[in-house]
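[1] I need the structure of the sequence given here:
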Amino acid sequence: MLRTFVLLAAAAALLAAPQTPARRTVSLVVANGTVVTVDPARRVIARGSVAIDGRDIVAVDTADAIATAYRGRDTIDAAGSVVIPGLINTHTHAPMVLFRGLADDLALMDWLQKYIFPAEAKTVSPEFVRVGTRLAALEMIESGTTTYTDMYYFEDEIARETKAAGLRGVLGQTIIQFPVPDAKTPAESLARTERFAREFANDDLITPAVAPHAMYTLDADTLKASRALADRLNIPVIIHLAETADEVKTSQEKYKLSPTAFLESLGFWGPRTIAAHGVHLTPEDIAVLARRHVGVSHNPESNMKLASGTAPVEALRKAGVTVGLGTDGAASNNDLDMFEAMRQAAFLHKLVSGDPRAIPAPVALEMATIEGARVLGLEKTLGSLEPGKRADLLVVSMASARQTPMFDPVSHLVYVTRGDDVRTTIVNGRVLMRDRKVLTLESRQVLADARAMADKVRAAVR
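    Below you'll find the predicted structure:
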């Protein structure tokens, strides 16, 4: 009887004792880093962790809280590093890495018409695009870009290589008035765009887009047809806008309107439209872009290198226009490092405004992350470290002499960090680079192929 009583008492005590909840098993935990969330509260967790299951973030909290609630099948220790959302490049031409350094120190129109367009006519092919995209993907993975916006030829080939590398892309098939390597007419380019868009519809990594090159390289009918195709397929539009004073002059002479106003007269503007550059914009132009909810991609390095001018970023932001950052192509930058884009954007606008408070570090970081996601219409799934969003994130080392000491991680990310400080790159929950080893591309082969293709470019443009 006594034994029965003791057993019952013990059982009752066990039932009454607080039960430790079982930890949820998830695919990956990035642990013990300084987590810069870029969430609406701009939370920075001094010792935090991110729990990831499949392609999604399931929790962002202190390291202790995550360790209590989650167990990762894989764990990445981010101690001594900063964990941030993956960077979003809102404008580039990925295969043009193969023209890096081909022609420098020139105005845009001379650069395009005397060097780039002729080189493209002689060298661009599906194989050129595949080799160039793999090289660009390697550079982006190594320097922390997880999503990029592209505008080039044979965009279906670019999409396949982008997926194979594990990157995310908003990829626009270029439409232009004159014959180009993948189409002889604008109508052929539009048909190619539709095939490309249907092939990658609802893809988890690839968002197809229509990419009319610019108002000065297309006629009104083709611009209207590009808009109509995007509306019919419900996909984004990418276009160069007001990049140079010459473009504005051409538009005024031909149409008596600014480039922005001319496109407005065609009914071209609409949501999920990405206007690259936007350097020469009037207050009236800015009002149109704000009213039509157009996103602008600011490319400070390319604009400075080509002496195109300085985009009115502060005026755009004050008017409610979303502004992200881009590198432009590596032929006019000459790299795809988004940390450089952040730093140069902050420096440039402090200089031209005479105000050191212009584009402070938190704003520059947001332009490269959550604001870039808004430009692309993807802010609900990308751009910050929050539960329910896609697991696109970086582990950035702060161990070097250049990174020491660190008082403010956001300041360090913008004013100190370079692409080669990125240790680990994760897209859609998949580790693309771990401890500086790229896992989705064979780096030596990518570089060998790129050098071989560069020899063909060199021979063709002599």
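[2] pull stretch 356-365 out as CSV, backbone CA atoms only.
    Extracted C-alpha coordinates of stretch 356-365, given in CSV (Å, rounded to 0.1, in the frame of the first residue of the first chain):
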residue,chain,number,x,y,z
PRO,A,356,26.8,65.2,-43.8
ARG,A,357,23.4,63.9,-42.6
ALA,A,358,22.3,63.1,-46.2
ILE,A,359,21.7,59.4,-46.8
PRO,A,360,22.9,58.2,-43.4
ALA,A,361,24.1,54.7,-42.9
PRO,A,362,20.8,53.1,-41.9
VAL,A,363,19.1,54.6,-45.0
ALA,A,364,21.9,53.4,-47.3
LEU,A,365,21.5,49.9,-45.9
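[3] which outside residues touch it?
    36, 38, 42, 84, 313-314, 325, 342-343, 345-346, 349-350, 367, 408, 410-411, 413-415 (CB atoms under 8 Å, 6 or more residues apart in numbering). For glycine as for every other residue, the C-beta is placed from the backbone atoms N, C-alpha and C.
[4] and the buried ones among those, selectable in PyMOL?
    Burial among the contacts of stretch 356-365 is assessed by 16 or more other CB atoms under 10 Å; the matching PyMOL selection reads:
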select buried, resi 36+38+84+313+314+325+342+343+345+346+349+367+410+413+414
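[5] in strands only, show me the contacts of stretch 356-365.
    36, 84, 325 (DSSP state E).
[6] confirm for me that the first one is in contact with Val44.
    If I follow you right, that is Val36. Yes - counting by CB atoms under 8 Å, Val36 touches Val44, with 5.3 Å between them.
[7] any common contacting residues for the two?
    The contact lists of Val36 and Val44 share 409-410, where a contact means CB under 8 Å, 6+ apart.
[8] tabulate the ones in strands among the contacts of stretch 356-365 (TSV), appending pLDDT and distance to Asp392.
    Listed next are these as TSV, based on pLDDT from 0 to 100; distance: CB to CB, whole Å:
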residue	pLDDT	distance to Asp392
Val36	98	14
Ile84	99	10
Leu325	98	16
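[9] which of the residues you listed lies closest to Gly132?
    Leu325 (21.7 Å; CB to CB).
[10] that closest one is in contact with Ile370, isn't it?
    No - using CB under 8 Å, Leu325 makes no contact with Ile370, being 11.6 Å away.
[11] what about the strands in the stretch 251-400 of the chain?
    273-277, 295-298, 323-325, 393-397 (DSSP state E, counting those that start in this stretch).
[12] so how far is Ile274 from Ile235?
    Distance, Ile235 to Ile274, by CB to CB, to the nearest Å: 11 Å.
[13] what distance separates the start and the end of stretch 432-449?
    End-to-end distance for stretch 432-449, by CA to CA, to the nearest Å: 20 Å.
[14] list the buried residues for it?
    So for stretch 432-449, counting by 16+ other CB under 10 Å, buried means 432-433, 438, 440-441, 446, 449.
[15] likewise stretch 367-385?
    367-379, 382-385.
[16] for the nearest residue to Ala460 once chain neighbours are set aside, report the pLDDT, please.
    What sits nearest to Ala460 in space, not counting adjacent residues and going by CB to CB, 6 or more residues apart in numbering, is Lys122, at 4.2 Å. At Lys122, the predicted lDDT confidence score is 90.
[17] could you number the chain from 48 rather than 1 from now on?
    Yes, from this point I'll number from 48; that puts the last item at Lys169.
[18] list of residues touching whichever strand or helix holds Lys169?
    Per DSSP states H and E: Lys169 is located in helix 164-170. If you take CB under 8 Å, 6+ apart as the criterion, helix 164-170 is touched by 145-146, 149, 200, 227-228, 503-504, 507-508.
[19] please repeat the previous calculation with a cut-off of 7 Å.
    Here helix 164-170 makes contact (CB atoms under 7 Å, 6 or more residues apart in numbering) with 146, 149, 228, 503-504, 507-508.
[20] just the ones of those residues in helices?
    Under the assignment DSSP state H, the contacts of helix 164-170 contribute 503-504, 507 to helices.
[21] out of Ile282 and Ile321, which sits in the more crowded spot?
    Ile321 (27 against 21; other CB atoms under 10 Å).
[22] correct me, but the more buried one touches Val422?
    Yes - counting by CB atoms under 7 Å, Val422 is a contact partner of Ile321 at 5.9 Å.
[23] touching both of those two, which residues are there?
    In contact with both Ile321 and Val422: 137, 342, 344, using CB under 7 Å, 6+ apart.
[24] most neighbours of all those, which one?
    Busiest of the shared contacts of Ile321 and Val422 [other CB under 10 Å] is Thr137, holding 33 neighbours.
[25] how distant is the helix or strand that contains it from the center of its chain?
    Using DSSP H and E, Thr137 sits within strand 134-139. Put simply, strand 134-139 sits 3 Å off its chain's centre (CA atoms, centre = their mean, to the nearest Å).
[26] ok, back up a step: now, among the buried residues of stretch 479-496, which is nearest to Pro68?
    Once CB to CB is applied, the member of the buried residues of stretch 479-496 that ends up nearest Pro68 is Leu479, at 32.9 Å.
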